[in-house]
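Asker: Here is a sequence with its predicted model. Questions after.
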Amino acid sequence: MPSAADIIKDYVSEFSRLQNWMLAIRDTNPDTYNSMHDRYLELKVTLSSLGVNLAELDKIKE
């Protein structure tokens, strides 16, 4: 079973990658962006509940 630190590390990596992809397609493919936004919110809530400070990581700033 993965440790809490491993889970946080994986989620932070996914959160960062997802934001980069979202920013790259925001204006060109809004349907895909909106779909990805749901996952973005899930990750943001999960990381916040795990005590991760997203102030420096959140590039979307919604």
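Answerer: Cool, got the structure.
Asker: Pull out the buried positions in the host helix or strand of residue 11.
Answerer: Using DSSP states H and E, residue 11 sits in helix 4-25. For helix 4-25, a neighbour-count test (16 or more other CB atoms under 10 Å) marks 8, 11, 12, 15, 18, 19, 22 as buried. For glycine as for every other residue, the C-beta is placed from the backbone atoms N, C-alpha and C.
Asker: As CSV, those with distance to residue 42 and pLDDT would be great.
Answerer: Below are the buried residues of helix 4-25 laid out as CSV (distance: CB to CB, whole Å; pLDDT from 0 to 100):
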residue, distance to residue 42, pLDDT
8, 15, 93
11, 10, 96
12, 14, 97
15, 10, 97
18, 10, 97
19, 13, 97
22, 13, 97
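Asker: buried sites along stretch 30-50?
Answerer: Buried residues in stretch 30-50, counted by 16+ other CB under 10 Å: 33, 36, 37, 40, 43, 44, 47.
Asker: Now render the buried residues of helix 4-25 as TSV, adding distance to residue 53.
Answerer: Listed next are those as TSV, based on distance: CB to CB, whole Å:
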residue	distance to residue 53
8	11
11	13
12	11
15	12
18	18
19	16
22	20
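Asker: for residue 3, phi and psi?
Answerer: Dihedral pair for residue 3: phi -80, psi 170, per degrees, to the nearest 10.
Asker: thinking again about what came up before, what's the helix holding residue 11 packed up against?
Answerer: Secondary-structure packing of helix 4-25 (3 or more CB pairs under 8 Å, 6 or more residues apart in numbering; DSSP states H and E): helix 30-49.
Asker: For the residue nearest to the spatial centre of the chain, give its distance to residue 58.
Answerer: Nearest to the mean C-alpha position of the chain, counting by CA atoms, centre = their mean, stands residue 15 at 2.7 Å. Per CB to CB, to the nearest Å, residue 15 is found 8 Å from residue 58.
Asker: what residues are shared contacts of those two?
Answerer: Common neighbours of residue 15 and residue 58, counting by CB atoms under 8 Å, 6 or more residues apart in numbering, are residue 44.
Asker: Could you measure from residue 45 over to residue 8?
Answerer: For residue 45 relative to residue 8 (CB to CB), the value is 14 Å.
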